[in-house]
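**Q** model the structure of this input:
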Amino acid sequence: MDTLPPQRAAVLAFLRDRIEGQGLSPSLAEIAAEFGFSSRNAAHKHVQALVADGLVELAPGQKRGIRLVGGRGPGQMLSLPVLGRVAAGVPIGADIGLDQQLWLDRSLFSLAPDYLLKVQGDSMIDDGILDGDLVGVHRTADARNGQVVVARVDGEITIKRFERGHESIRLLPRNPAHAPIVVEAHQDFAIEGVYCGLVRQG
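**A** Got it, this is the predicted structure:
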């Protein structure tokens, strides 16, 4: 698992989009223009760092000679931002500052996630979701009963199993030490996404 600074990860995502979408890598001038770099030299430094990381390679003497390294092609690797914390316990305030960017194998997830959140708490341990795990979240406002969701309740973010009844919504923990969260009609509630897998670090 590779950890990249956010800007370098953004440059790599741009390279992938152009190479996979158009079949042609961007020039250093185009990279510099895309990211507002003052010179091609800044773009060159990012590309060289990606070469050193083993993520791209350069064809000598070619203006558009950047190539993606094998094994990180379409549908195999995902560049995912870690956007903060999600509570597995009492809901915590939204913390959406960008922590880091990770390259992860697509096969780790049931759905392609849009971002990762770091779990804080132990209310989902019976589903194998532990404190400190990074959970993949597929962005959607819809969920079926029984799905694990990331939900916002009055501006606070939590991860729980979703249950919609005739008259109420309940967010169910998977640890008997925690009580369900009953969402009242007056509360600000939204499903932010559905859980689609996790990464356990260290």
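**Q** going forward, measure contacts between C-alpha atoms and count neighbours the same way
**A** Will do.
**Q** need the helix or strand of this protein with the lowest average pLDDT.
**A** strand 92-93 (a mean of 49; mean pLDDT, DSSP states H and E).
**Q** after it, which helix or strand is next?
**A** strand 100-105 (DSSP states H and E).
**Q** listing partners with orientation, what would you give for that following strand?
**A** strand 2-4 (antiparallel), strand 77-87 (antiparallel) (DSSP bridges).
**Q** so how far is Val11 from Ala141?
**A** Ala141 sits 29 Å away from Val11, taking Cα to Cα, to the nearest Å as the criterion.
**Q** these two: which has the busier surroundings?
**A** When Ala141 and Val11 are compared for neighbours, Val11 comes out ahead with 19 against 13, by other Cα atoms under 10 Å.
**Q** wasn't the more buried one part of a strand?
**A** No - the assignment for Val11, made by DSSP: H, G, I helix; E, B strand; the rest coil, is helix rather than a strand.
**Q** surely it touches Lys45?
**A** No - Val11 lies out of contact with Lys45 (Cα atoms under 8 Å); the separation is 10.9 Å.
**Q** and stretch 109-117, which residues are buried?
**A** Neighbour-count burial for stretch 109-117, counted by 16 or more other Cα atoms under 10 Å, picks out Phe109, Ala112, Pro113, Asp114, Tyr115, Leu116, Leu117.
**Q** quick one, strands of the protein?
**A** Taking DSSP state E as the criterion, the chain carries its strands at 2-4, 56-58, 66-68, 77-87, 92-93, 100-105, 115-120, 134-139, 148-153, 156-164, 169-172, 181-183, 189-199.
**Q** how close does the nearest residue to Asn175 once chain neighbours are set aside sit to Lys160?
**A** Counting by Cα to Cα, 6 or more residues apart in numbering, Ser123 is the residue found nearest to Asn175 once chain neighbours are left out, at 5.0 Å. Computed as Cα to Cα, the Ser123 to Lys160 distance reads 8 Å.
**Q** next, show the common contact partners of the two.
**A** Residues touching both Ser123 and Lys160 (Cα atoms under 8 Å, 6 or more residues apart in numbering): Ala88, Pro173, Arg174.
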